[in-house]
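Novice: sharing a sequence plus its predicted fold:
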Amino acid sequence: MKDKIRLLLAVIIIASLWLAACGPKETPAAEETPAAEETTAPDETATEVEEVVEPEAEGPITLVYWSMWNENEPQAQVIQGWIDAFEAENTNITIDAVWNGRQNQTLVRTALSAGEQIDLMDQDSDPLAGGLMLEGLGYPLDEFLGTPALDEDTAIKDVFVPGVLDMFKGPDGETCLWPYVYNTVQFWYNKDMFAEVGVEPPETYAEWMDVNQALLDAGYAPIAAESDIAFYQIDFLTYYVARVKGPGFLKASMEDASGAMWNDPVYLEAAQAMQDLWDKGYIPEETEGYLWPAGKQTLGFSEAGAELVGSWLPIELKDVSDFEWGAFNYPAIEGGAGSNKDLQVALLAFMLLEDTEHPQEAFEFLRFMMTKENMQQMADEALVGVTRKDVKWADAIADGAEAAANAENVMGLSDGTVALYPEFVNNILYVHWRSLFLGVVTPEEYVAKMAGDAAAYWEGGALPTEEEEEVVVSDEPVTLAYWSMWNEDEPQGQVIKGAIEAFEAAHPNVTLDVTWYGRDIRNLLDPALEAGEAIDIYDLWAGGRGKAMDLADYLDLPALGEGYEDGDMTVRESIMPALWASADTQNAAGDIIGVPYNPFVVMVFYNKDAFNEAGIESAPESWDEFIAASEALQAAGYAPFTEDIDAYMDIIIGAFTERAVTCEGIIDVINDQTGEAWNDPVLLQMAEDIYEYSAYLAEGTDGNLYPAGQQRIALGEVAMNLNGSWLPSEMLE
C-alpha cells in the first residue's frame, strides 16, 4: 500500500476541499529547535530607574503589527483600543494592525522571507521562543528594561509578575519577548460540586486520591479529559515528574543523548499513576471516545469535577457552566523534590522584529500597554490572566492569579521543552504519552519506547522511523483504483485525467482505474469501503476517515514539477501551511490522511459593473457599509442580494454566526445541551439584522432552487451572492 501511495503522490494530491476554521488549539508543531532556558523567578529587588529615552523620530511613523488574534476576538478588541489610545497620545505614530489568527508566526515567517516590513508581532511564548526568536529575528529589549513605567515610579521590568520576563531568552541570553497574557495550568474544578460532596481542594497526592474517590462515590466523574489531544494529556506527566524530581528533570531527560534518563523510575511511576486513574474509574472509560471539546463539556455541564488544563478553560465554558469555578495546583507527592507551588504556565507575548526601523517607538507602545489601567482592561474584557502585578483577574480565574503570585518556580509548557525541543515534543513525547494515556502501550512499553527513540533521535539528528529502508517503487504491474468526486467532462476532471495520462506514460507499469462518480461519491464511498471494495485513492471533503492511511512517511519526499527540480522543497512545504491545520486533512488522532489540492473560500461575490454604476467605490467591510451598498444598488435599479436556499443555507448560517460569536462560540452554542446559549443577546441581534436585511433580497429568493440564484447574479439581475470560490468558474459561460 505504501508503494502505491508513493507512486500516486506523483500524480494527484488528494482529498480535503474545505478548510476547517474551528478546532482545538493545540500547540502547533514548530519547525525550530530553541536554545532558550526557562528559569525560576528573578530577584525582586527594585531596579534603578533609567532616564527616559525619547522617541527617535518626530515625523510620521507607521508601525506594522501582525497579531495572533482574529479581529472580532475580545483580546483583539482590547489591543485595538490600546492602539487607538496610543495613537491619540502619539499623533505622529500610526500602528497598522494585521489580524492573522493563530497561524501568525507561520505567516510572519513567510512575509519576512519575501522582504515584507513588520515591526512587532505577538504569539504563544513557547512556540515563538522556539521559532523566530531562536533564529535571531527578535529585537533585544534589554536596553529598555530600566525605562520607568508610565504609571509607577519604578523600572518597567519591575511591574511584571516575577519570573515571566526571564522564562525565555534569545540566542545570546537577551530578552526578546514581552509577555502580556498569563495562563496557569492547574486543575480547574467545580466548587459547588466539591461543596456538595464535602471535599476540599487537595494539596497532596494522597488527598487528591481521596477527593477523586468521594466524587466517584457521589456519582460524578472525578476527572474530565480529551482523548484526541496530547497537548492536554501531557500535563499529567509534566507535573508528576516535576513533583517527584523537581523542575528541570524532564528537560534534562530530553537532552540526554543516551536516552538513559528515561529509565529513571519516575517515568514508570508516572505511567503507572496514569493507568491507575483509568483503572479506578477516576477518568471515565467513555473518555476514550471523546473528541475535543467533548471532555471539557462534561465539566461545563457539571458531570465531571475537574480538568487539568490552562486558565482559559473557565472562559471557554462561561456560557455553559453555572457553578463557581476554582483551581488547585497539581498536588505534592510525598518525598518528592518538587513543590506543589511549582507552576507550569502558558504565556502570550509581543516581540519586536530585528529589522524594525523604529525600535524606540515600538517599545513605547509596549510600555504603554503595560500600564495598570490597560492591563486591567485586558483582564476585565478578555477575561484572561495578565503579567502586570497587582491587577485583579476575573473571578472565575481568581485562583489562577493566587497561584501565579505564590509560585516558587514557573515552568514553560512541558518543563520548557515545548520551546526548547518542539520536534522532539511533538513527534516523540506527545506520541508515546498519548499511546500510554489511551492504553495502547503498557507503562513498561512506554518507558522502553521513550528511551529507545530518544537515543535514536540524538544519534541520528532526526526522528526515528519504523522503516529505515528507502521506499522502493515496484517495477511489477500495478493497478490503482481511484474514485473521483468530479465528473469526467468537468474542467477539474479533465485536468486530473491529463495528469493521469502523463503519469502512466512516465510509469508504464502503473495503471490508474478511474471511476468518475461526481458528487454522488459522498453517498457511495462509505458503503463500498464497508463492503470491502478495494479503493486505493479518492478525493472528497469527507468520508472514509477510519480506513484512511497516515501519509506522514511521504509528505517529506521532494515535490515534483516545474520549480521543484532541485529537490529543495518537500510535498509538505509546497502547500500553504494553513491548509495542514484543516480538520479535513486529519483523522481523529491528528494523523495527516489527506493532502489538500483545491481549497475553496467562502466570500460575497459581486458584480463590479453594478457596483460602479451604483457609485460604490469599494467593497463593504462592515455591516453598515453592507447596508449602504445594498441601498445604493436598489437605488440604481439592481436587486442587491440572492441565495439558493436549498443548497447554501449552511454557508449563510456559518458566515453570520461566525461574525456574531466567533467559530469557537458557534461550537459552544451548539454543544450547550440546555439551550440557554441561544439566548445570547448577540445572537438575537444577528437574527434581527438578518430579518431586516430581507428587504434587500431579490424578489423570488424564497423560491430559488440551485442553481437559479447563482444564475441570476451571472445574468446581471442581482448584484451579490454569498458562495464558495467555485462560483465564478461555474458561471463562466
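Specialist: Done, it's in.

Novice: quick one: the most far-flung residue of the chain relative to its centre from Ala327, how far?
Specialist: Distance from the C-alpha centroid of the chain, by C-alpha atoms, centre = their mean, peaks at Gly637 (45.1 Å). Separation of Gly637 from Ala327 (C-beta to C-beta, to the nearest Å) stands at 61 Å. Quick note: C-beta positions are derived from backbone N, CA and C, even for glycine.

Novice: now the strands: where do they sit in the stretch 301-450 of the chain?
Specialist: When assigned using DSSP state E, counting those that start in this stretch, the strands of the stretch 301-450 of the chain occupy the ranges 304-310, 325-328, 342-352, 409-411.

Novice: could you dump those to TSV with mean pLDDT and distance to Glu643?
Specialist: Formatted as TSV, these follow (pLDDT from 0 to 100; distance: least, C-beta to C-beta, whole Å):
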stretch	mean pLDDT	distance to Glu643
strand 304-310	94	40
strand 325-328	96	42
strand 342-352	94	39
strand 409-411	90	52
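
Novice: which stretch among these comes nearest Pro681?
Specialist: strand 325-328 (22.8 Å; C-beta to C-beta).

Novice: could you export the closest one as PDB, CA atoms only?
Specialist: Output of strand 325-328 as PDB, limited to C-alpha atoms (Å, rounded to 0.1, in the frame of the first residue of the first chain):
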ATOM      1  CA  TRP A 325     -15.000  28.000  39.400                       C
ATOM      2  CA  GLY A 326     -11.900  27.100  41.400                       C
ATOM      3  CA  ALA A 327      -8.400  25.900  40.800                       C
ATOM      4  CA  PHE A 328      -5.900  23.900  42.700                       C
END
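
Novice: quick check: can you name the pairing partners of it and their directions?
Specialist: The pairing partners recorded for strand 325-328 under DSSP bridges are strand 177-190 (antiparallel).

Novice: after the strand it pairs with, which helix or strand is next? Please name it.
Specialist: helix 191-197 (DSSP states H and E).

Novice: need the contact partners of the following helix or strand past that next one.
Specialist: Counting by DSSP H and E, the next helix or strand C-terminal to helix 191-197 is helix 205-217. With C-beta atoms under 8 Å, 6 or more residues apart in numbering as the test, helix 205-217 has contacts from 193-194, 197-202, 221-223, 243, 277, 280-282, 305, 331-334.

Novice: mind running it again at 10 Å?
Specialist: Surrounding helix 205-217, the residues in contact under the criterion C-beta atoms under 10 Å, 6 or more residues apart in numbering are 187, 189-190, 193-194, 196-202, 204, 220-223, 240, 243-244, 273, 276-277, 280-284, 304-306, 328, 330-334, 336, 340.

Novice: if you average pLDDT over it, what comes out?
Specialist: Averaged across helix 205-217, the pLDDT comes to 96.

Novice: am I right that Thr106 is in a strand?
Specialist: No - according to DSSP: H, G, I helix; E, B strand; the rest coil, Thr106 belongs to no strand; its state is helix.

Novice: what is the burial count for it?
Specialist: 21 (other C-beta atoms under 10 Å).

Novice: ok, Asp96 next?
Specialist: Neighbours of Asp96 (other C-beta under 10 Å): 12.

Novice: check the offset of the host helix or strand of it from the chain's centre.
Specialist: Taking DSSP H and E as the definition, Asp96 sits inside strand 93-99. Chain-centre distance of strand 93-99: 23 Å, with C-alpha atoms, centre = their mean, to the nearest Å.

Novice: and for stretch 489-503?
Specialist: For stretch 489-503, the distance to the chain centre is 35 Å (C-alpha atoms, centre = their mean).

Novice: buried stuff in it?
Specialist: Across stretch 489-503, burial judged by 16 or more other C-beta atoms under 10 Å covers 490, 492-493, 496-497, 500, 503.

Novice: before we move on, the earlier item: which helices and strands does the strand holding Asp96 pack with?
Specialist: Here strand 93-99 touches strand 61-67, helix 74-89, helix 104-113, strand 120-124, helix 359-369, going by 3 or more C-beta pairs under 10 Å, 6 or more residues apart in numbering; DSSP states H and E.
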